[in-house]
Each structure stands twice: as structure tokens, then as C-alpha cells.
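A.B. asks: please find the sequence and the predicted model below.
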Amino acid sequence: MCFSSERPFWTVNELSEELDVSMSTMYRYVALLREVGLLEPASDNLYRLTRRIIGLARAAESGRSSLQEVSLPIMTALRDRFNETVLIARRNRNYAYCVERVESLQPVRLQFDRGQPMSLHRGALARVLLSNAPRAERDRYLESIQGGAAEKNAKLLTIDSLNEVARKGYAVSVEEVDEGIWGTAAAIKFDQQVVAALGIAAPIYRLDASQRDRIIEGVRQAADEISEKLTDSGFIPD
């Protein structure tokens, strides 16, 4: 664990002092690590980690759960509860991308397919992600869309409105992405940071006010449940 990108080379003497063990003990440790292929000499006195460490790192990463793996059972339960399409999106720079989707058993047409980029000012999922972006990135994005954007929802976005979404942890949209579609989304967090957004999209005609309220609460609860399970799963955000 002494080896790092800042300190990739060590002598036996330096390791002995750093770990407060005798030179004879440290020579045995180094000999063992060389025998199993984890250390190699970089010069007469210096040692470095071998490339076998890369394989171990990949194995550690592969053994951890992905966002989709953790979320899918909860998304499916949410779909079954409300019978509407459930989606998860993540942000990459100035776009939101759908990374998982569980379809409603009822007919519905949505543009937001897996892997498709979506502007950060369109829809509840994107707005949750934008509201939780680093402040400098969020402010630059807002400035870029205000200078003549034709879309009314882009012009209505303000720092105050995004701060309110971040404070509440969820957003609601009406016909911002698809005509006739209502949506809501809530933040998924890991280590106090928003890493994704969970949402439901449904035709407006299928939902009255009480149904929309129930869906909002259900999405918020499901997002909190995913957040808790990410912490327990060993999830590593990219």
C-alpha cells in the first residue's frame, strides 16, 4: 500500500522505515512479493509494482455491482406498482443519457432510449442531473442556453429554480420531451453525491392529480432505496 502514482518506487530501506519493521523482515516481504509476481526491481536498489496489479484492479472492479445491476429489481418493482415506464439517466458533460429502462405494460411512446443523449434542460431526469452538477458547470450551461434558445423550458430555467430542485431532490416535467407525456425524477446518491436520476414517464391522460402525487412519492422512495443499496454493494462511480 506504500506504492502510489505519487510514489511509484521504493528501496527496501525506505519501506523498512515507512512501515517500522526490521530490514530482515522487509527483505522477506519483498522476496515474497517478488515470488508471487507483484514486485519487480526497477534498478539495483529500487522496486516497483508489476503489471499484474492491473489485473487485480480489474478483478476488483468487476466484482463490484454496477448501477444497473443494483437498480433493476427496484425499477421493476416500481414499474409493477404503477405500470408506467421507469428510467435511469446519468450526466456526461452537457447531456443526460438513459442507462436503463423498464417498460410499461401499457402503450407509451418515449424518445429517451438507452444511450440516447438528451439536453440537460429538457425533462425531469435531465433537470435533476443539471441541478446537481458542479456549480461552475451548471452556470456555464445555463449561460449557453439563455442566449437565444427557442425552447420555452430553456428560457425559464434559472439558478434559483435549479437550486430548488437540488434542495427538494426531485423534479416534475410536462410535455418537455414528448408531447402528452408527464414525468417525474429523483436523485440517486452515492457518498453524498448525485450519480444518477430515477424517473417515471407516463401519458398525461392516464394520471389524475392524486396518481401523480403517489408516483412522485414512489419515485423518491425508490431513489432513496437505490442510494442505500449502492452504498452496501461496493459501487464505484465513474
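C.D. replies: Sure thing, it's come through.

A.B. asks: any regions of this structure where pLDDT drops low?
C.D. replies: The model of the chain has pLDDT under 70 over residues 58-65, 111, 147-156, 234-238.

A.B. asks: apply 50 and report the result again.
C.D. replies: 149-150 (pLDDT under 50).

A.B. asks: break it into its domains for me.
C.D. replies: Per automatic domain parsing, the structural domains of the chain span 10-62, 67-233.

A.B. asks: of all these, which one comes closest to Met1?
C.D. replies: Closest approach to Met1 among these is made by domain 10-62 (9.3 Å; Cβ to Cβ). No exception for glycine: its C-beta is placed from N, CA and C like everyone else's.

A.B. asks: residues contacting the lengthiest helix in the chain, please?
C.D. replies: In the chain, ranked by residue count with DSSP state H as the criterion, the top helix is helix 209-233. Among residues not part of helix 209-233, those counted as contacts by Cβ atoms under 8 Å, 6 or more residues apart in numbering are 64-65, 67, 69-71, 74-75, 77-78, 81-82, 84, 169-170, 172, 182, 184-191, 195, 197-200, 202, 207.

A.B. asks: now stretch 40-56: buried residues?
C.D. replies: By neighbour count, with 16 or more other Cβ atoms under 10 Å as the criterion, the buried positions of stretch 40-56 are 47, 49.

A.B. asks: surely Ala202 meets Ser104?
C.D. replies: Yes. In this structure, Ala202 is within contact of Ser104 by Cβ atoms under 8 Å, at 7.3 Å.

A.B. asks: so what's in contact with these two at the same time?
C.D. replies: 84-85.

A.B. asks: could you find the closest non-adjacent residue to Thr158?
C.D. replies: Closest residue in space to Thr158, ignoring its immediate chain neighbours: Leu142 at 7.6 Å, by Cβ to Cβ, 6 or more residues apart in numbering.

A.B. asks: who's in contact with Gly46?
C.D. replies: If you look again at residue 46, you'll see it is Leu, not Gly. 9-11 are the contacts of Leu46 under Cβ under 8 Å, 6+ apart.

A.B. asks: for it, list each beta-bridge partner.
C.D. replies: Per DSSP bridges, residues listed as beta-bridge partners of Leu46: Thr11.

A.B. asks: so which of Ala202 and Ser104 has more stuff around it?
C.D. replies: Neighbour comparison, Ala202 and Ser104: the larger count goes to Ala202, with 23 against 18 (by other Cβ atoms under 10 Å).

A.B. asks: the more buried one belongs to a helix, doesn't it?
C.D. replies: No. Secondary structure assignment places Ala202 outside any helix; it is strand (DSSP: H, G, I helix; E, B strand; the rest coil).

A.B. asks: so who does the nearest residue to it once chain neighbours are set aside touch?
C.D. replies: Leaving aside its sequence neighbours, Ala202 sits nearest to Glu84 (Cβ to Cβ, 6+ apart; 4.0 Å). Taking Cβ under 8 Å, 6+ apart, we find Glu84 in contact with 104, 106, 108, 200-202, 206, 215.

A.B. asks: ok, how many other residues are close to Glu69?
C.D. replies: When neighbours are defined as other Cβ under 10 Å, Glu69 has 13 of them.
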